[in-house]
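Visitor: build the 3D model from these lines:
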Amino acid sequence: MSLLNAQSLLGWCAFCLLAWLLGGCRRPVAWRAVIGSTLLAFAMGAVVFLVPATQRLLVVLNDAVMALLNASNQGAGFLFGPLALSPGQETSGGEPSIGFVVAAQVLPAVIFFSAFMSLLHHFGLIEPVVKAFARLFHRTLNLSGAEALTSAVHLFFGVETAAAIRPYLPRMTLSELHTVLTTNLATAASTTLAVYVAFLQQDFPRIAGHLMSASVLTIPCAVVATKLMLPERETPETLGMVPQMAEQKREPNAVAALATGATDGLRIAAGITAIIIAVLGIVGLFDAVLSRGIELFGGPEGITVITMLGWAFQPFAWLLGLESADVTEAARLLGQRTLLTEVVSYQELGALAAADSISPRTVLVLSYALCGFAHVAGVGIAVGGFGALAGSRMGDLTSLAFKSLAAAILATLLSGCIAGMFYSGQTSILGL
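Guide: Modelled structure (predicted):
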């Protein structure tokens, strides 16, 4: 084990301790859930990074996602022409790309992936996979059935998965609600993975497979964080069994399912657009006020809100086991994610990777550590989504909101630590 691998292991221990401290040092610790989740996370890391057969499977999954992403470009190219082309590409008529345009080159993929997932759901292909993951999480992580089910559903969908456990939300314990909110914030729905892939595919050819790996890996990491912060003290209603998913409306035919999925994808893309515009605008306003204050009262120039968040995340970036030259940039991206969403951070990570400004190790570890909705906007979306289906629990949901955000951030950092522990410079991991 190299020094950086050991540093990532130290980070895992430090983040677990921080979760316990943030939760108020609650006793007794839910050791069965914490140890089971830790063992599952370490086992997943070993399988992903050390077993050749798994690496080949990741290549197959990566190629499948890339094929879908390329298919989504067909519709975008028809609508937007050269705007939809990546830098360096040309249309069939010889028109060159004008550069990287997020709205035309990334967001259409969200619409396509949502439509594709809707088709899979229509044909009943998602439910068996969800049930398999739910049983795995239930048996290995000592979760209630409702916690396990919602964790599994989050691998495929976003906050709309609250409907899958709607009958149980009013009677869930506080610890269950905390876990449900945290897994929602710590994981990334499959419909948005395409966004991250679009930013990094040129410099991390196997990014799609690893993002799918990160989504699964973050589940046990989230359980470690939540059960250290708020261990179960009550008896959950679904403790001994995994319930059936609440029946979701199915469209009468495949065309209707495709249309509904595309419309839902349009809403997701519009939501991403709206959040980015609003949050970037607010942060820009704060930066302008901060700059004016510095001019009036004196102080170092060039300080922004993101700069200050970067300072706060410096210790966390170091504990991920990154090379010292990359810690400052990594800290800035981690801090930025908490306000500006992971979409902005992934875009900047892709730009840094393209410019060879950071090492391949840092690109890999941050790909895992940034994978999730662990940001302020995500908290509002999650609380609003769950509260809409269980209005009687809105008080509990709001009281747990920022505790869940802290747990989700720690969960994504723990996922990054796993990648840092098992990555030893293998170029095949990145596909380079």
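Visitor: could you use CA atoms for every contact and neighbour count after this?
Guide: Noted.
Visitor: what about residue 239, distance to residue 143?
Guide: 7 Å (CA to CA, to the nearest Å).
Visitor: would you mark the buried spots in the helix or strand harbouring residue 331?
Guide: Element membership of residue 331 [criterion: DSSP states H and E] is helix 327-354. For helix 327-354, the neighbour count (16 or more other CA atoms under 10 Å) marks 327-353 as buried.
Visitor: now do the helices in the stretch 201-350 of the chain.
Guide: 207-229, 254-297, 305-312, 314-319, 327-354 (DSSP state H, counting those that start in this stretch).
Visitor: hang on, the earlier thing: orientation of the helix holding residue 331 relative to helix 305-312 in degrees?
Guide: 120 degrees (axes from the mean of the first three to the mean of the last three CA atoms, to 10 degrees).
Visitor: what's the angle between helix 327-354 and helix 254-297?
Guide: 130 degrees.
Visitor: and helix 327-354, what does it pack against?
Guide: Packing partners of helix 327-354 (3 or more CA pairs under 8 Å, 6 or more residues apart in numbering; DSSP states H and E): helix 190-200, helix 254-297, helix 305-312, helix 314-319, helix 360-369, helix 376-389.
Visitor: show me what contacts residue 171?
Guide: Neighbour list for residue 171: residue 237 [criterion: CA atoms under 8 Å, 6 or more residues apart in numbering].
Visitor: numbering from 36 from now on, please.
Guide: Yep, numbering from 36; the last one is residue 206 now.
Visitor: ok so, going back, of residue 274 and residue 178, who's got more company?
Guide: residue 178 (29 against 16; other CA atoms under 10 Å).
Visitor: assign the more buried one to helix, strand or coil.
Guide: coil (DSSP: H, G, I helix; E, B strand; the rest coil).
Visitor: burial of residue 71, as a residue count?
Guide: For residue 71, using other CA under 10 Å, the count is 18.
Visitor: tell me which element it falls in.
Guide: In the assignment (DSSP H and E), residue 71 maps to helix 66-85.
Visitor: what angle separates that helix from helix 242-264?
Guide: 160 degrees.
Visitor: ok, and what's touching helix 66-85?
Guide: 89-90, 175-178, 248, 252, 255-256, 258-259, 262-263, 453-454, 457-458, 464.
Visitor: re earlier: most packed of the helices of the stretch 236-385 of the chain?
Guide: Highest mean neighbour count among those (mean count of other CA atoms under 10 Å): helix 242-264, with a mean of 28.
Visitor: looking only at pLDDT, what's the mean for that one?
Guide: If you average the pLDDT over helix 242-264, you get 89.
Visitor: the helix or strand harbouring residue 112 - contacts with which helices or strands?
Guide: Using DSSP H and E, residue 112 falls within helix 87-115. For helix 87-115, the elements it packs on are helix 66-85, helix 137-140, helix 142-157, helix 242-264, judged by 3+ CA pairs under 8 Å, 6+ apart.
Visitor: hmm, 10 Å instead?
Guide: On a contact count with 3 or more CA pairs under 10 Å, 6 or more residues apart in numbering; DSSP states H and E, helix 87-115 meets helix 66-85, helix 137-140, helix 142-157, helix 225-235, helix 242-264, helix 462-465.
Visitor: which stretch among these comes nearest residue 317?
Guide: With distances scored as CA to CA, the stretch of the helices and strands packed on helix 87-115 nearest to residue 317 is helix 137-140 (19.8 Å).
Visitor: mean confidence for the closest one?
Guide: On average, helix 137-140 scores 68.
Visitor: again with stretch 353-367
Guide: 95.
Visitor: and it, how far from the chain's centre?
Guide: How far stretch 353-367 lies from its chain's middle: 19 Å, per CA atoms, centre = their mean, to the nearest Å.
Visitor: and that stretch, end to end?
Guide: For stretch 353-367, the end-to-end distance is 12 Å (CA to CA).
Visitor: stretch 153-164 now?
Guide: Counting by CA to CA, you get 15 Å between the two ends of stretch 153-164.
Visitor: residues in contact with that stretch?
Guide: Stretch 153-164 has contacts (CA atoms under 10 Å, 6 or more residues apart in numbering) with 147-152, 168-169, 187-188, 191, 279-280, 283-297, 299-300.
Visitor: if you set the cut-off to 6 Å instead, what comes out?
Guide: 292, 293, 296 (CA atoms under 6 Å, 6 or more residues apart in numbering).
Visitor: coming back round to it: can you tell me which of the helices and strands packed on helix 362-389 is nearest to residue 446?
Guide: Judging these by CA to CA, what sits closest to residue 446 is helix 395-404, at 8.4 Å.
Visitor: just want the angle from the closest one to helix 225-235.
Guide: Using the same axes, to 10 degrees: helix 395-404 against helix 225-235 is 160 degrees.
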